[in-house]
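> no sequence for this one, just the structure:
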């Protein structure tokens, strides 16, 4: 067994170990990455041949966390890991987006990268190591790959950048971003911030890149030590003569269409399609069986070249805009009467219809994952139905794209939700039209819908997607504001930036080319800032601030604190008390035990229900006071008195002698029955037992000439004098002699009897 290990030392003294040659040796490449007690196994397997007709890179990246890694059982009935969680999907996407551009353009074999967390202690964050592990597995394999790359998390804590912080450190960060890069270039950025400046974001990326260079160097040394040659492959059959002929006959027509300033997406696509079909018309059906796939691939290259040359040479985009122009925007709030808030945001041919629903603690999302556990009070869900792009196909539920785009919008808006806002919030964005940056439309529509719902967000948030067209390793380039879908597909960068007027709240960037300089990134950030400000002005024209009140049908919610020891009294045995309050008042009540005490949330659609529930809970949570008079309800009748409930959840004995000034021999004489109400006064509370001494007679006028000595209180049960101690009885001669023990036949045994 030839085990090879490389070690990376971080600035704070922690180490990362990359080990290969010990585990999963039948995979094309496998490494175990270890940091402290956190261990991830990454494997890569790639088919030897491509599926015929494949003209793209069929890459699948899966990140999985084993519950056993943290000594936990999975939830659910089966008690085993199931479908990937949203968190696992998001990490898979981060790794995929960094790796995909680095495979050769002509490599089309199915490739599977799996990263599995096998050990963790909740200190070091495993997601920051997933990209390093995946790249190292590819690097030691024979799979063609233009790496290595690595990913690191960079956080700003107390003004200082920290690489790969611990879970605890991250709690104090105002910036949390993941950065992927090669030895020379930034490839991917994603993260959230608390209104930081463009310069701060750029500096964080530079700090991350310096750390990544060390990771990449270690992988290069590992590759050299393993010494595995990259495989030889041939996944494309090309016809260079056909390529040249197609270019000569279609380029000029395509270039004219690229700068025709056609603003309609479907019309523009149809025009390009017509040029391709016109070229195909010269071939017979038999010839097209082999040539059609090649023509489609080569014409895609012609479209890409024409679009890029029109922008770089003449500054003309597909829809006629200048590089800094943003498409026409219109928006509307309160469009839907049913939700608690709604908005439409339309920018060009991209449209989001977003809704806001307000809920209570019972609507919180429970997060139960291998490492991360807790609850979410702010939810954002993004839906991308096929009709939004005019596709005739069924919607198959939420995919990785929806989860990723929704997470970006979630990160953008979450910092603007007040920390102690009592409601659980769910924002849903349905994309009704799409032609570029629908996630940014979600941010804008979500902002409008939140303000329409009366949620007091700190500041409005807008977002914009930036693109890039470059050549000659970035020496000639154009940064594009508010990119179209085609400009994303045919361009070199997709850089999404969200923020308020005071700073950036979230970002996501994918780079598709080598040689992207920090100068280009700085220009893109500056242009994005100007675009965000323009969009914020447009949002303010629709609604400038949150509505002063919730919609009439939105739940009203009151939060109150009660002592911890009274939580049980409010809930009651088997939940009887709290269920009764909810049933009688129509309010929804939830209780959470926190450090300060019991946090009670009461929600209802009308004030009367809330007030009634609040009064009931306050009565339960109130501390009985000696000397106070209470209206009580008879719960049960005993021979010696009646048990009455004088406060919700608090009962005491009203002794037969305390019902009236007259003497009753039996409870039947009092006329009291279960369910009757009677006013009582709390006379005393036994400090040892906590029992309450109640009286009704003290609230009545004492009869004239009443003699207290003639009326002795009846005991609750028979009383007897305490027996004197045994020693005292012996002194007085009161002890009884021990009886003789009888034998089995009834005879007495004499002392000394033998058995």
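Perfect, thanks for sending it. For clarity, every value in this text was computed on a predicted model and none was experimentally measured.
> do a quick rundown of the strands in the stretch 51-200 of the chain.
Secondary structure of the stretch 51-200 of the chain (DSSP state E, counting those that start in this stretch): strands at 59-65, 111-119, 149-157, 160-163, 173-182, 186-196.
> go on, the stretch 651-755 of the chain?
Using DSSP E, counting those that start in this stretch, strands in the stretch 651-755 of the chain cover 677-685, 692-695.
> so for the longest one, what gets flagged as buried?
By 16 or more other CB atoms under 10 Å, the buried positions in strand 677-685 come out as 678, 680-682. No exception for glycine: its C-beta is placed from N, CA and C like everyone else's.
> residues in contact with it?
If you take CB atoms under 8 Å, 6 or more residues apart in numbering as the criterion, strand 677-685 is touched by 624-634, 644, 646, 652, 654, 672, 691-696, 698-699.
> which stretches in the stretch 601-750 of the chain count as helices?
For the stretch 601-750 of the chain, the helices defined by DSSP state H, counting those that start in this stretch occupy 607-621, 726-732.
> mean pLDDT for these: which is lowest?
Lowest mean pLDDT within those: helix 726-732, at a mean of 50.
> low-scoring stretches of the protein, by residue?
474, 515, 649, 707-755 (pLDDT under 70).
> what is the helix or strand hosting residue 306 packed up against?
Per DSSP states H and E: residue 306 is located in helix 285-314. Judged by 3 or more CB pairs under 8 Å, 6 or more residues apart in numbering; DSSP states H and E, helix 285-314 is in contact with helix 240-258, helix 265-280, strand 462-471, strand 476-481, helix 485-490.
> related to what we said a few turns ago, now, of the contacts of strand 677-685, which are buried?
Of these, these count as buried by 16+ other CB under 10 Å: 630, 632, 634, 644, 646, 652, 654, 672, 692-696.
> quick check, residue 583 in a helix?
Yes: counting by DSSP: H, G, I helix; E, B strand; the rest coil, residue 583 is found in a helix.
> could you count how many residues lie near it?
9 (other CB atoms under 10 Å).
> equivalent analysis for the one 3 residues further on, please.
A total of 15 residues lie near residue 586 under the criterion other CB under 10 Å.
> ok, back up a step: mind checking which of the strands of the stretch 651-755 of the chain is nearest residue 573?
strand 692-695 (18.9 Å; CB to CB).
> contacts for the closest one?
624, 632, 644, 646, 650-655, 658, 680-686.
> returning to what we had before: which single one of the buried ones among the contacts of strand 677-685 is nearest to residue 666?
residue 672 (11.2 Å).
> these two touch, right, the closest one and residue 643?
No: using CB atoms under 8 Å, residue 672 makes no contact with residue 643, being 10.8 Å away.
> what touches both of these two?
residue 634.
> can you give me the end-to-end span of stretch 667-686?
25 Å (CA to CA, to the nearest Å).
> swap in stretch 338-355?
9 Å.
> list the buried residues of it.
339-355.
> ok, which stretches of the stretch 401-550 of the chain are helices?
438-452, 485-490, 518-542.
> deepest in the core, which of these is it.
helix 438-452 (a mean of 29; mean count of other CB atoms under 10 Å).
> now do that one: distance to the chain's middle.
18 Å (CA atoms, centre = their mean, to the nearest Å).
> please apply the same query to stretch 227-239.
Relative to the centre of its chain, stretch 227-239 is centred 42 Å away, using CA atoms, centre = their mean.
> for that stretch, buried residues please.
233, 235.
> which residues does it contact?
With CB under 8 Å, 6+ apart as the criterion, stretch 227-239 contacts 48-50, 54-55, 106-109, 140-145, 291, 294.
> any of the residues you listed buried? List them.
Looks like the contacts of stretch 227-239 have 50, 107-109, 140-141, 143-145, 291, 294 buried, using 16+ other CB under 10 Å.
> mind checking which of those are in helices?
With helices taken from DSSP state H, the overlap with the buried ones among the contacts of stretch 227-239 comprises 291, 294.
> of the buried ones among the contacts of stretch 227-239, which is the nearest to residue 533?
residue 145 (41.0 Å).
> enumerate every residue touching the residue lying closest to that closest one once chain neighbours are set aside.
With CB to CB, 6 or more residues apart in numbering as the criterion, residue 145 has its nearest non-adjacent residue at 4.5 Å, and that residue is residue 138. Taking CB under 8 Å, 6+ apart as the contact definition, residue 138 lies against 29, 44, 99, 113, 145, 147-148.
> just residue 268 next, same as before
Applying CB under 8 Å, 6+ apart to residue 268 gives the contacts 257, 262, 318-319, 486.
> can you rerun that using 10 Å?
257-258, 260-262, 318-319, 435, 484, 486 (CB atoms under 10 Å, 6 or more residues apart in numbering).
> on that earlier part again, ok, the buried residues of strand 677-685 vs residue 384, which is closest?
Closest to residue 384, out of all of the buried residues of strand 677-685 and judged by CB to CB, is residue 682, at 64.1 Å.
> what sits opposite that closest one in the beta ladder?
residue 694 (DSSP bridges).
> okay, it and residue 156: tell me how far apart.
Going from residue 682 to residue 156 by CB to CB, to the nearest Å gives 59 Å.
> include distance to residue 184 when you put the contacts of residue 138 into JSON lines, please.
Formatted as JSON lines, those follow (distance: CB to CB, whole Å):
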{"residue": "29", "distance to residue 184": "22"}
{"residue": "44", "distance to residue 184": "23"}
{"residue": "99", "distance to residue 184": "16"}
{"residue": "113", "distance to residue 184": "22"}
{"residue": "145", "distance to residue 184": "15"}
{"residue": "147", "distance to residue 184": "11"}
{"residue": "148", "distance to residue 184": "11"}
